[in-house]
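Q: Here is the input, now give the coordinates:
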Amino acid sequence: MNLFAEIRALVVAQLEAMMAEGVLPTGLELAAVAVEPPRDAAHGDMATNAAMVLAKPSGMKPRAIADDLAARLMADPRIAGADVAGPGFLNLTLSRDLWAGVVNAVLNEPAFGQSDMGAGRRVLVEYVSANPTGPLHVGHTRGAVFGDALAALLDYAGWNVTKEYYVNDGGAQVDVLARSVYLRYLEAHGQAVSFEDGTYPGDYLIEVGQALKNKVGDAYVGQDERVWLDDVRRFGIDAMMALIRADLAKLNVTMDSFFSERSLYGTGLIEAAIADLDAKGLIYQGTLEPPKGKLPEDWEAREQTLFRSTAHGDDVDRPVQKSDGAWTYFAPDIAYHYDKVQRGFDELIDVFGADHGGYVKRMKAAVSALSDGRVPLDIKLCNLVKLYRNGEPFKMSKRAGTFVTLSDVVEQVGPDVTRFVMLTRKNDAPLDFDFAKAVEQSKDNPVFYVQYANARVHSVLRKAAEAGIDITARPVLEDEAEFAVARKLAEWPRLVEIAARNHEPHRIAFYLYELASEFHALWNRGNDKPELRFLQEGNTLASSGKIALPRAVSVVISAGLGILGVTPAEEMR
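A: The predicted structure follows:
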């Protein structure tokens with residue numbers, strides 16, 4: 001059941017009738033007609049912009065359209081009131097019987113809130129994709145949570161989702177990793193070592209160096225780099241990816257696939273991707289304009305192989321091959337996305353850190369060119385996370401040597417709190433993570449507030465079971481506070497579709513807080529009005545009808561937390 005969709009269908013049907021009767025011009029486009037919650041709950045249960053969006057194309061005054069539409073809607077038994085406001089907004093009040101039906105649907109429709117909007121389309125969500133040179137840090141944590149929640153949201157809304165991690169194991173950074181591991185290997189053999197600039201001094205490599213010693217003994221001690229570099233690089237990457245998988249597991253993040261950048265080299269995949277662009281007339285030999293501002297001292301104009309990315313919306317064309325024949329960093333990125341397109345995905349989503357903003361237009365241009373515009377690419381940027389405790393900047397011991405790790409954060413507050421807090425801001429907004437507030441038991445802490453609502457429901461259900469109360473009776477709603485909760489429940493299917501369409505899982509966290517707020521308000525009213533309490537002393541029949549509403553709240557909270565990857569609490573400690 002999607003009550004908003006049902007009422008929109010009613011509005012559209014009446015508009016089509018008005019066109020058929022000549023009241024409105026025929027052929028009007030109705031896609032922009034919306035039915036949504038009013039900005040002020042006092043104005044009604046729903047509002048439609050129909051008259052406003054149709055006024056200009058119809059050549060009519062919005063008020064005239066709204067007045068006619070209101071009269072027609074009032075003939076439907078579901079509509080108890082239709083009031084025209086301002087220049088032509090139409091506020092609707094629904095029959096109160098509908099709200100008990102919403103609660104009943106939540107309890108009896110297993111797929112309540114789920115959507116077929118995705119229609120089974122295949123979407124690849126690539127996220128985290130951190131360099132395999134060390135543990136994941138707090139910035140990666142935000143990207144991991146966001147990507148994982150987005151994938152779950154799209155799955156809930158009807159997409160066929162694949163979650164992928166791109167392993168950046170083909171660049172110079174993995175050679176630096178190998179040299180850093182080698183230093184720890186020498187250290188494991190009792191040698192004094194020093195980490196030069198550019199190497200990785202983190203303690204996490206001590207165990208890797210010892211493990212390498214256990215595997216090869218002293219075979220690489222004193223040997224030239226050419227002897228051990230390839231083997232140690234592979235050993236180090238494997239060790240780091242094992243560490244990264246373990247870190248992700250602490251956050252309850254699992255990937256469907258890992259794609260190695262190194263697999264693009266020497267296999268013809270880069271060449272095939274560039275050849276595809278070349279066949280479309282998008283590869284040429286040229287010289288780029290000098291960078292704006294002060295020129296670097298070593299800059300000189302060189303002829304390079306360029307991708308005509310401006311033909312697909314980029315600001316400038318991009319080099320894919322240097323004058324010496326080596327591939328640029330952009331070339332394997334093109335090849336990787338070429339592979340994604342070749343695998344038959346209908347949509348692509350990349351989750352990057354905010355420092356990758358410069359890649360957005362060029363990657364979108366590449367995918368547009370490679371897929372002939374058929375496959376959309378959405379790139380979501382995750383902004384910085386600042387750590388605090390009681391409002392003061394917070395620093396922890398840095399086992400990684402240079403940053404606070406994902407593991408550090410999860411050990412402080414647990415995976416559920418970490419995940420929820422990471423979704424309390426839109427992905428491209430900065431996020432302040434205060435460890436004290438994250439575990440504080442107050443309304444100001446959205447994690448606690450939502451979980452406390454669910455725990456309260458379960459406390460009621462336990463008491464009902466002890467009293468032998470039937471909890472399967474149809475819902476009974478009488479007070480305005482009860483209707484407010486039911487209205488919020490009715491928004492769930494609509495909210496899911498909006499969040500999925502816009503790739504914004506933070507909307508789920510916001511909605512859950514709002515639902516919890518309405519529920520707690522109802523609970524508190526029960527302190528003053530005993531007839532609103534879910535358990536009516538000495539009246540099991542009345543209790544049965546009252547319990548349906550909190551049960552429905554728990555169903556929706558559990559579904560929403562499931563999308564966020566958070567375990568619903570049945571009791572608070």
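Q: For burial, what's the neighbour tally of the spatially closest residue to Phe195 that is not a sequence neighbour?
A: Nearest non-adjacent residue to Phe195, counting by Cβ to Cβ, 6 or more residues apart in numbering: Pro201, 4.1 Å away. For every residue, glycine as well, the C-beta is placed using N, CA and C. Applying other Cβ atoms under 10 Å, we find 15 residues neighbouring Pro201.
Q: Can you tell me the SS state at Pro201?
A: State at Pro201, reduced to three classes by DSSP: H, G, I helix; E, B strand; the rest coil: coil.
Q: Would you agree it is in contact with Glu187?
A: No - look at Pro201 against Glu187 with Cβ atoms under 8 Å: they stay out of range, at 11.2 Å.
Q: related to what we said a few turns ago, kindly state the pLDDT recorded for the residue nearest to Phe195?
A: Model confidence at Pro201, expressed as pLDDT, equals 87.
Q: Next: the one 4 residues further on.
A: On the pLDDT scale, Leu205 is placed at 95.
Q: I'd assumed Ser180 was in contact with it.
A: Yes - judged on Cβ under 8 Å, Leu205 makes contact with Ser180 at a distance of 5.7 Å.
Q: Pick out whichever of those two has more residues nearby.
A: For Leu205 against Ser180, the residue with the higher neighbour count under other Cβ under 10 Å is Leu205, and the figures read 28 against 25.
Q: which secondary structure element contains the more buried one?
A: Counting by DSSP states H and E, the secondary-structure element that holds Leu205 is helix 204-216.
Q: just Asp83 next, same as before
A: For Asp83, the secondary-structure element it belongs to, assigned by DSSP H and E, is strand 79-85.
Q: quick one: contacts of the very next helix or strand once past that strand?
A: Beyond strand 79-85 in the direction of the C-terminus, DSSP H and E gives the next helix or strand as strand 89-94. Contacts with strand 89-94, where a contact means Cβ atoms under 8 Å, 6 or more residues apart in numbering, come from 3, 7, 35, 38, 43-52, 66, 69-70, 73, 78-85.
Q: which of those residues count as buried?
A: Applying 16 or more other Cβ atoms under 10 Å to the contacts of strand 89-94, the neighbour count classes 3, 7, 35, 38, 43-52, 66, 69-70, 73, 79-80, 82, 84 as buried.
Q: Once you drop chain neighbours, what's closest to Leu561?
A: For Leu561, ignoring the flanking residues on the chain, the nearest one in space by Cβ to Cβ, 6+ apart is Pro568 at 5.0 Å.
Q: what's the spacing between the one you found and Ala111?
A: When Cβ to Cβ, to the nearest Å is the yardstick, Pro568 and Ala111 sit 18 Å from each other.
Q: With neighbour numbers in mind, choose between the two.
A: Neighbours per residue (other Cβ under 10 Å) separate Pro568 from Ala111, with Pro568 holding more: 19 against 11.
Q: Tell me where the stretch 401-550 of the chain has helices.
A: Along the stretch 401-550 of the chain, the stretches classed as helices by DSSP state H, counting those that start in this stretch are 406-413, 415-422, 435-438, 446-466, 480-490, 492-502, 506-528, 540-564.
Q: Asp428 is nearest to which of those?
A: helix 506-528 (10.2 Å; Cβ to Cβ).
Q: Now do that closest one against helix 446-466, angle only.
A: Helix 506-528 and helix 446-466 meet at an angle of 50 degrees, taking axes from the mean of the first three to the mean of the last three Cα atoms, to 10 degrees as the criterion.
Q: For helix 506-528, enumerate the helices and strands it packs against.
A: With contacts defined as 3 or more Cβ pairs under 8 Å, 6 or more residues apart in numbering; DSSP states H and E, the secondary structure elements packing on helix 506-528 are helix 446-466, helix 480-490, helix 492-502, helix 540-564.
Q: Now the last one: buried residues?
A: Residues 542-557, 559-561, 563-564 are the ones in helix 540-564 that count as buried (16+ other Cβ under 10 Å).
Q: and Phe534, how many neighbours does it have?
A: The number of residues packed near Phe534 is 25, by other Cβ under 10 Å.
Q: What does the pLDDT read for it?
A: 89.
Q: Tell me the gap between stretch 105-122 and the middle of its chain.
A: Its chain's average C-alpha position is 18 Å from that of stretch 105-122, according to Cα atoms, centre = their mean, to the nearest Å.
Q: Correction: the previous question concerned stretch 325-333.
A: Distance, centroid of stretch 325-333 to centroid of chain: 30 Å (Cα atoms, centre = their mean).
Q: Stretch 432-447 too?
A: The gap between the average C-alpha position of stretch 432-447 and the chain average comes to 21 Å, counting by Cα atoms, centre = their mean.
Q: Nearest to Arg96, out of the helices and strands packed on helix 506-528?
A: Using Cβ to Cβ, the helices and strands packed on helix 506-528 put helix 480-490 closest to Arg96, at 6.9 Å.
Q: re the thing from before, most tightly surrounded among the helices of the stretch 401-550 of the chain?
A: Sort the helices of the stretch 401-550 of the chain by mean neighbour count, taking mean count of other Cβ atoms under 10 Å, and helix 415-422 sits at the top with a mean of 24.
Q: Where do the domain boundaries of the protein fall?
A: What the record gives for the chain is the domain set 3-95, 446-564, from automatic domain parsing.
Q: Let's have those in TSV, adding distance to Ile283.
A: Supplementary listing: the domains of the chain in TSV, determined by distance: least, Cβ to Cβ, whole Å:
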stretch	distance to Ile283
domain 3-95	39
domain 446-564	31
